[in-house]
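1. The sequence and its predicted three-dimensional model are supplied below.
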Amino acid sequence: MKKILILILSFIALFSSELSMDNMIVRISDIKIYPEYLNEYLTYAKEVAETSMEKEKGVIALYPMIVIKDNTQIKILEIYKNQVAYEEHIKTKHFQKYKQGTLHMVKSLELIDTYQLSEKNFKRIFKY
């Protein structure tokens, strides 16, 4: 009985750590696009975001946005369940298509890793 209880508690600990917000990757990609490629880039960004959210359980959010003051500046909110989910994401065909197809369009790229301040609000916004 003791071994079964230990096994159950171990399973619960493993499962809960899998869903822990501490393991999540929360990132903002700050991207500057050459103006002549803007429309083409936006098509790629929309496609990879929609496909990722549809097909990848580990992608909690992939939300590209255009800055109003400068439409060549793109911000993408990226939230992944954990490092493994992120690594799986960047290996997918749809991400590789986006990455390889837009290399010449990107003037600059900065990946800004963050963490959330309110777990309560996070859970209200994102159903994961």
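-> Yes, it's here.
2. which SSE is Lys64 in?
-> Small correction: residue 64 is Pro, not Lys. Using DSSP states H and E, Pro64 sits within strand 59-67.
3. ok, residues contacting that strand?
-> With C-beta atoms under 8 Å, 6 or more residues apart in numbering as the test, strand 59-67 has contacts from 24, 42, 45-46, 48-49, 52-53, 73-81, 85, 89, 126, 128. No exception for glycine: its C-beta is placed from N, CA and C like everyone else's.
4. Gln96: what's it in contact with?
-> Contacts of Gln96 by C-beta under 8 Å, 6+ apart are Ile90.
5. Provide the strand pairings for the top strand by length along the chain, with the direction of each partner.
-> Ranked by residue count under DSSP state E, the longest strand found in the chain is strand 70-80. Neighbouring strands of strand 70-80 in its sheet, by DSSP bridges, are strand 25-33 (antiparallel), strand 59-67 (antiparallel).
6. and the next element down the chain from that strand?
-> Next along from strand 70-80, by DSSP H and E: helix 83-91.
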